[in-house]
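Undergrad: have a look at this prediction, sequence included:
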Amino acid sequence: MPVRTPHFPDLLFGAASRLRRWEDALMGLLETHGYRELHPSLVLREAVPDGALRFFDGDDLVALRWDFTVALAGLLARRFPLPPPRVAYAGAVFRRPVQPWEAVERFEVGCERIQPEGESSTEADVELARLLMAIPGTIGLKSAILHLGNAALVRRPLEAEGLFGELANAVVAALSRRAPHRVREALDGHPSAQRLAAHAEALLSELDGPSTLDALSASPYAELLKDERDHMDRTLKALLPILPPNLDLRVDLADVAGLGFYTGPTLRLWAPGAQQELAAGGRYDQLFPGLGRPWQAAGFCVRLSRLLDLAETRPDLFEQPL
Amino acid sequence: MKQTLLIAFPKGRLGDDLVPKLVGTPLALDAEALKSRVLRIPTATPGVAALLLKGADLPRYVAAGVASLGIVGSDTLDEMDMDLLELADLGFGACRLSLCALTGVTLDSLRAKSHLRLATKFPKATEAWLTREGLTAELVPLSSSAELAPLLGLADAIVDLVQTGSTLKAHGLVETVVLGRSSARLIAARGAYLSEPGRIRPLAESLIAALHAE
């Protein structure tokens, strides 16, 4: 059994000041791009997932806010007949750690771009990617890597093959481990085994710049995924000319993290040598329809707690003395 | 200046198979250091060192990013379920994870027991098999020498790795059911691989080439 010591960080002077400074700078950046702040309650009464910090308020089981996107979605669906197009948030979320070194209390800044269903989402996706590109400069990271992915590259072939439940989860887990041999093992004897194994090889063959998209040609689902490929191509063409010199842009076809939630393009920000991604997001068009609202949405979240850890362990990755 | 890149290699049976395969490759371990008791060994590539670790500890070093790459048995990976990448099945160190009992004890006789006791250091794989079979059992956790458990009455059978079967035979045990198969896997720290693929990927490819991955 893994040893887990619940970790509630106390931030002392330097880290506390850094958190305040970064929060202000990032919220300022979002505000200048038209994102208006919402602050959902710290205590949530909706269906409480296992990983949340739960307690009884009288007879009611409630939880500390475990995820801003979920909290905001509840708030927006309850209180707005039409979606505010751009919202931002800052604060802490509380979740039981999956990995022993993770803290329970995590500080985040993020934004959401919400549109009525049916509107073109391409511009919104590019807008979010451009905003994420500005994050490293805003917080003084010397260099960073932006990974572009698309959850549909895995979702759609699995759906087309009628693969759901345990078997689909096994394929996704194998892709998450970047283990094509595990994909073959998981699908042994299944009618789609050969096609999905070839697709996994194609997704895992490269982790590089725009030429990575060419790997999709080798997939048996190349035609099925034509729209996704075109979308990624358009996004790259929009981003490459404005790429800051300290930012590397890579295409990660096998990004399956959060596949149960994301439905389309995904974004992840890394620093060279960092052990965890520093920001992540993407398109999640099924969230609001599930709450009875015909809206589509995308967003990203900057994980300030990870940045604070990085500032302690790798100060050399930042521009100025921290 | 770049930090030294660490690769975690296993001690024990898998390590005994691995070290000779690396001789003459860019990742050959320094022979003098190997003879000593140090656990951090220089390799033939400057800036790359090897850590010699117990299999059960090794995935933690990689998942935490202390070591960027590692080699470990898939049986250990399956038991630990750590967040890391598994880049290749290296093929060597192949063995079976099997239910083993004293000669003459059949699966049906084990099924018929009202209180079945299974000794193992693989509780997760054992529980998964019991669930598939619709059986319940008391799991007796052991970390080594599981073969003794049925002989001395600590358990009715064991779930353990079997390579040649000679250890089983020496203790009067036979394989009753094969639960799964294991082999050496090349693993990588998610962060190191995704944030520095230009540094990690060539090294991973060089390891795969050296170890003749299938």
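TA: Okay, I see it. Residues are numbered from 1 along each chain as shown, chains lettered A, B, ... in the order given.

Undergrad: can you give me the strands for the stretch 201-322 of chain A?
TA: With DSSP state E, counting those that start in this stretch, the ranges of strands along the stretch 201-322 of chain A come out as A:247-251, A:265-270, A:279-283, A:295-303.

Undergrad: hmm, I typed the wrong one, I wanted the stretch 1-150 of chain A.
TA: Using DSSP E, counting those that start in this stretch, the strands of the stretch 1-150 of chain A run over A:36-37, A:43-44, A:54-57, A:60-64, A:86-94, A:105-116, A:144-150.

Undergrad: partner strands of the longest one and their direction?
TA: Okay, so that is strand A:105-116. When pairing is defined by DSSP bridges, strand A:105-116 lines up against strand A:86-94 (antiparallel), strand A:295-303 (antiparallel).

Undergrad: turn those into TSV, columns for mean neighbour count and mean pLDDT.
TA: All C-beta atoms are positioned from the backbone trio N, CA, C, and that covers glycine. Shown next, in TSV, are the strands paired with strand A:105-116 (neighbours: other C-beta atoms under 10 Å in any protein chain shown; pLDDT from 0 to 100):
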stretch	mean neighbour count	mean pLDDT
strand A:86-94	21	97
strand A:295-303	23	98
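
Undergrad: centroid residue for chain A?
TA: What sits nearest the mean C-alpha location of chain A, by C-alpha atoms, centre = their mean, is residue A:281, with 2.7 Å.

Undergrad: circling back: next, format the strands of the stretch 201-322 of chain A as a markdown table and append distance to residue B:11.
TA: Formatted as a markdown table, these follow (distance: least, C-beta to C-beta, whole Å):
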| stretch | distance to residue B:11 |
| --- | --- |
| strand A:247-251 | 36 |
| strand A:265-270 | 32 |
| strand A:279-283 | 36 |
| strand A:295-303 | 36 |
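
Undergrad: burial of residue 156, as a residue count?
TA: Since no chain was named, I'll use chain A. If you count neighbours by other C-beta atoms under 10 Å in any protein chain shown, residue A:156 ends up with 17.

Undergrad: correction: the question concerned chain B.
TA: With neighbours defined by other C-beta under 10 Å, the count for residue B:156 comes to 21.

Undergrad: what's the answer for residue B:91, then?
TA: Around residue B:91 there are 14 other residues, counting by other C-beta under 10 Å.

Undergrad: quick one, grab the pLDDT at residue B:113.
TA: Residue B:113 carries a pLDDT score of 92 in this model.

Undergrad: and the gap between it and residue B:121?
TA: Distance check for residue B:113 against residue B:121: by C-beta to C-beta, to the nearest Å, it reads 21 Å.

Undergrad: and these two? Which one has more around it.
TA: The residue with the greater number of neighbours, taking residue B:113 and residue B:121 and applying other C-beta under 10 Å, is residue B:121; the counts read 19 against 13.

Undergrad: quick check: residue A:71 touching residue A:65?
TA: Yes: if you go by C-beta atoms under 8 Å, residue A:71 and residue A:65 touch, sitting 5.1 Å apart.

Undergrad: mutual contacts of these two, please.
TA: Where contact means C-beta atoms under 8 Å, 6 or more residues apart in numbering or on different chains, the residues bridging residue A:71 and residue A:65 through contact with each are A:40, A:41, A:44.

Undergrad: for chain B, what lies in contact range of chain A?
TA: Residues of chain B lying near chain A by C-beta under 8 Å from any C-beta of the partner chain: B:3, B:63-65, B:80, B:83-89, B:185, B:188-197, B:201.

Undergrad: count the neighbours of residue B:136 for me.
TA: Close neighbours of residue B:136, defined as other C-beta under 10 Å, add up to 10.

Undergrad: could you check the angle strand A:247-251 makes with the helix ranked longest in chain B?
TA: As assigned by DSSP state H, the longest helix anywhere in chain B is helix B:197-210. Between the axes of helix B:197-210 and strand A:247-251, defined by axes from the mean of the first three to the mean of the last three C-alpha atoms, to 10 degrees, the angle is 50 degrees.

Undergrad: let me see the ranges of the helices in chain B.
TA: B:13-22, B:31-35, B:58-63, B:74-80, B:107-111, B:123-133, B:148-152, B:166-170, B:190-195, B:197-210.

Undergrad: I'd like the average pLDDT over the first one.
TA: This means helix B:13-22. Taken as a whole, helix B:13-22 has a mean pLDDT of 90.

Undergrad: quick one, what contacts residue A:208?
TA: Contacts of residue A:208 (C-beta under 8 Å, 6+ apart): A:250, A:251, B:197.

Undergrad: and of those residues, the nearest to residue B:105?
TA: If you rank the contacts of residue A:208 by distance to residue B:105 using C-beta to C-beta, residue B:197 comes first, at 51.1 Å.

Undergrad: the residue of the stretch 201-322 of chain A found nearest chain B - how many residues pack around it?
TA: With C-beta to the nearest C-beta as the measure, residue A:275 is the residue of the stretch 201-322 of chain A nearest to chain B, at 3.4 Å. Applying the criterion other C-beta under 10 Å, we find 24 residues in the vicinity of residue A:275.
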